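Chemist: What follows is a protein structure lacking sequence information:
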């Protein structure tokens, strides 16, 4: 039995990570998060409500549970929200990670920690710089990405100097069934499912010419698991498809799955002026050193998202 | 009357900064720090005891005082201590700065902030990289320097994206009368003054072959004042002498001032294994763009330090 501590366990990614662990068997899981209850609770999964800014609470849990693996998914991950509440974004990304890493150091645990970062850390880069490689200099340009780069500096320090066993990611956009529709692709799916149901209608979007690197959440958690089990200590891995897709072609693909022909209207309130035109990651480190490979094509992911959204209606 | 808010006002640098302001006149000062009392209190200087990790306390003060200038000297600046208490080092450097910067943003103040950083941010660099220039990539490799780099990322973000008026430094070793003898040069001075007084004795040191860039604290505060008044928003300035001096030659110089011939003994507990052999800064940005120049030679500074230490005996 391997012991896993999963932070942010009520979130989108954690749900799929736990699913993966359960499919493989042999895991004892403790999940922590903020809400009153967690739907994942079961014989192999104990939920503890906890605010990770409370350093002594997480120390106590680390000391009693002594996890083999810590999957640190807790995060305030919205860039838009980070502009409105930069201190909250920093504290709930950087400081909570620091509390965990320092707990492991202080208690001299052998836990291996997965520190999740973001493609946002690369900052604004011209199209000619794509795909983004791990050895690029980081240029964080929003509060969220500053917090993530600080987290990475801490990860590197704790791994290299304190000998804490930490592996890191820079994760690109992930999508999949049950993702909240504050994110762009599920919002498209929801609107188009509605248009299908009503036999027509108008779709509201931001700038759909922008290109992003989307990866199915089930491929993301497979990558996280591989990095956790076999990644090199102190190393950072891009987690991405390696493929750039415009939002326009995402709309086309969903529309073709649903057999609808939506009218698309630009909603200026959804346009973010400082957005990168193109973000594509290079996943060759993950692929060549850890043997990870993508299982879900974009079309398969979108089909599953459409099916999920149709069940919700 | 210009209003100055000085954090860490009970410290070594603040004392000289306030002396400089008083010599120029026209400043209304509020100082904040942790101790019960501050010796600088006077008609032009109001002391407020405050823990800057308490965000709402600093917000309240910013709102009522509305400073023209914020000289942020509060810091837990010991690298050695940061290894023992990394979370404290991070919180009391990075987070307290974030609280101040965010208060200024939130309250839409026009305060200009001086964000003090450290030469430690450059990390380990070979001798061939000297002198260290502002455009070098930062490679923080201890908890203190990780905290300072994070502070600099926040400074840059708040200046460039939120429009908060922040200027930054990377400050090298500073020395001067009244500096605490936990630091290397005042510890040499203290030991040698004692040897002079006793007519002989043994001096204990760490590795005295290492080379550092020492600047008189009075030249440091002159640089800070110039950067504060005329530095370019969002820019970072090395504050240093531009000159490398070995600890051995510092000992020689103090010995010659005191006319003593000490026996020097290596104390292995004072040797820090990961120390850089040589750290020298490039001050040409400060000199050429702001017209700063050094007033105190190393010899003059050491004479003043010796005189101060002799008064203390």
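Modeler: Noted; the coordinates are in hand. The model shown is predicted, which means the values in this text are computed figures rather than measured ones. Numbers count the residues shown, from 1 in each chain, chains lettered A, B, ... in the order given.
Chemist: Count the neighbours of the single nearest residue of the stretch 51-200 of chain A relative to chain B for me.
Modeler: Using C-beta to the nearest C-beta, the single residue of the stretch 51-200 of chain A nearest to chain B is residue A:150, 4.0 Å away. Bear in mind the C-beta positions are built from the backbone N, C-alpha and C, glycine included. Neighbour count for residue A:150, taken as other C-beta atoms under 10 Å in any protein chain shown: 27.
Chemist: and chain A, which of its residues are near chain B?
Modeler: A:55, A:86-87, A:90-91, A:94-95, A:98-99, A:102, A:105, A:137, A:140-143, A:146, A:149-150, A:153-154, A:157, A:160-162 (C-beta under 8 Å from any C-beta of the partner chain).
Chemist: Filter these down to just the ones in helices.
Modeler: Mapping the residues of chain A next to chain B onto helices (DSSP state H) picks out A:55, A:86-87, A:90, A:98-99, A:102, A:105, A:143, A:146, A:149-150, A:153-154, A:157, A:160.
Chemist: Quick one: residues contacting residue A:214.
Modeler: A:172-175, A:185, A:241, A:243, A:245, A:250, A:298, A:301 (C-beta atoms under 8 Å, 6 or more residues apart in numbering or on different chains).
Chemist: Walking through chain A, point out its strands one by one.
Modeler: In chain A, the strands defined using DSSP state E lie at A:2-7, A:27-33, A:45-49, A:69-72, A:112-118, A:165-171, A:174-175, A:202-205, A:211-212, A:215-216, A:236-239, A:245-246, A:263-266.
Chemist: Give me the residues contacting the second one.
Modeler: The set of residues that contact strand A:27-33 without belonging to it, under C-beta under 8 Å, 6+ apart, is A:1-11, A:14, A:18, A:21, A:38, A:40, A:44-50, A:52, A:58, A:61, A:65, A:67, A:74.
Chemist: Mark which of those residues are buried, thanks.
Modeler: A:4-11, A:14, A:18, A:21, A:38, A:40, A:44-45, A:47-48, A:50, A:52, A:58, A:61, A:65, A:67, A:74 (16 or more other C-beta atoms under 10 Å in any protein chain shown).
Chemist: picking that back up, for the strands of chain A, give me TSV that also has mean pLDDT.
Modeler: Listed next are the strands of chain A as TSV, based on pLDDT from 0 to 100:
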stretch	mean pLDDT
strand A:2-7	98
strand A:27-33	97
strand A:45-49	97
strand A:69-72	98
strand A:112-118	98
strand A:165-171	98
strand A:174-175	96
strand A:202-205	91
strand A:211-212	96
strand A:215-216	98
strand A:236-239	98
strand A:245-246	98
strand A:263-266	90
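Chemist: Can I get the buried ones among the residues of chain A next to chain B as something I can paste into PyMOL?
Modeler: Buried members of those, defined by 16+ other C-beta under 10 Å, are picked up in PyMOL with:
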select buried, chain A and resi 55+86+87+90+91+94+95+98+99+102+105+140+141+142+143+146+149+150+153+154+157+161+162
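Chemist: Walk me through the domains of chain A.
Modeler: Domain ranges of chain A: A:2-174+A:215-239, A:177-213+A:243-312, per automatic domain parsing.
Chemist: Tell me which of the ones you listed is the most buried.
Modeler: Highest mean neighbour count among the domains of chain A (mean count of other C-beta atoms under 10 Å in any protein chain shown): domain A:2-174+A:215-239, with a mean of 20.
Chemist: Ends of that one, what's the gap?
Modeler: Terminal residues of domain A:2-174+A:215-239 lie 24 Å apart, using C-alpha to C-alpha, to the nearest Å.
Chemist: Determine how far it lies from the middle of the whole chain.
Modeler: 9 Å (C-alpha atoms, centre = their mean, to the nearest Å).
Chemist: Minimum distance to residue B:290: which of the strands of chain A has it?
Modeler: The minimum distance between residue B:290 and the strands of chain A falls on strand A:112-118, with 36.7 Å, by C-beta to C-beta.
Chemist: Now tell me what touches that closest one from outside.
Modeler: A:68-73, A:75, A:77, A:97, A:100-101, A:104, A:144-145, A:148-149, A:151-152, A:155, A:164-171, A:224, A:227-228, A:236.
Chemist: Same question for stretch A:79-88.
Modeler: The contact list for stretch A:79-88 (C-beta under 8 Å, 6+ apart) reads A:76, A:89, A:120, A:142-145, A:147, A:272, B:55, B:98-99, B:102, B:105, B:157, B:162.
Chemist: Nearest to residue A:126, out of those residues: which one, please.
Modeler: Nearest to residue A:126 among these, with distances taken as C-beta to C-beta, is residue A:120, at 16.4 Å.
Chemist: which ones are touching the closest one?
Modeler: Residue A:120 sits next to A:79, A:140, A:142, A:144-145, A:148 when contact means C-beta under 8 Å, 6+ apart.
Chemist: Apply 10 Å and report the result again.
Modeler: If you count contacts by C-beta atoms under 10 Å, 6 or more residues apart in numbering or on different chains, residue A:120 has them with A:77, A:79, A:82, A:138, A:140-142, A:144-149, A:170-172, A:276, A:279.
Chemist: Likewise for residue A:48?
Modeler: Applying C-beta under 10 Å, 6+ apart to residue A:48 gives the contacts A:5, A:9, A:30-33, A:38, A:57-58, A:60-61, A:65.
Chemist: mind checking how far it is from chain B?
Modeler: 21 Å (C-beta to the nearest C-beta, to the nearest Å).
Chemist: okay, how far is it across stretch A:264-283, tip to tip?
Modeler: Stretch A:264-283 stretches 33 Å from its first residue to its last (C-alpha to C-alpha).
Chemist: what's the offset of that stretch from the middle of its chain?
Modeler: So, by C-alpha atoms, centre = their mean, the centroid of stretch A:264-283 is 18 Å from its chain's centroid.
Chemist: Likewise for stretch A:248-263?
Modeler: Averaging C-alpha positions (C-alpha atoms, centre = their mean) puts stretch A:248-263 25 Å from its chain's average.
Chemist: And for it, what's in contact with it?
Modeler: Taking C-beta under 10 Å, 6+ apart as the rule, stretch A:248-263 contacts A:175, A:184-185, A:188-189, A:191-203, A:205, A:207-212, A:214, A:245-246, A:264, A:298-299, A:301-303, A:305-307, A:309-310.
Chemist: repeat that for 7 Å
Modeler: Defining contact as C-beta atoms under 7 Å, 6 or more residues apart in numbering or on different chains, one finds that stretch A:248-263 is touched by A:185, A:188-189, A:192-193, A:195-196, A:201-203, A:208-209, A:264, A:298-299, A:302-303, A:306.
Chemist: Kindly report the same for stretch A:134-142.
Modeler: Here stretch A:134-142 has contacts from A:79, A:82-83, A:120-124, A:146, A:148-149, A:236-238, A:285, B:137, B:153, B:157, B:161, using C-beta under 7 Å, 6+ apart.
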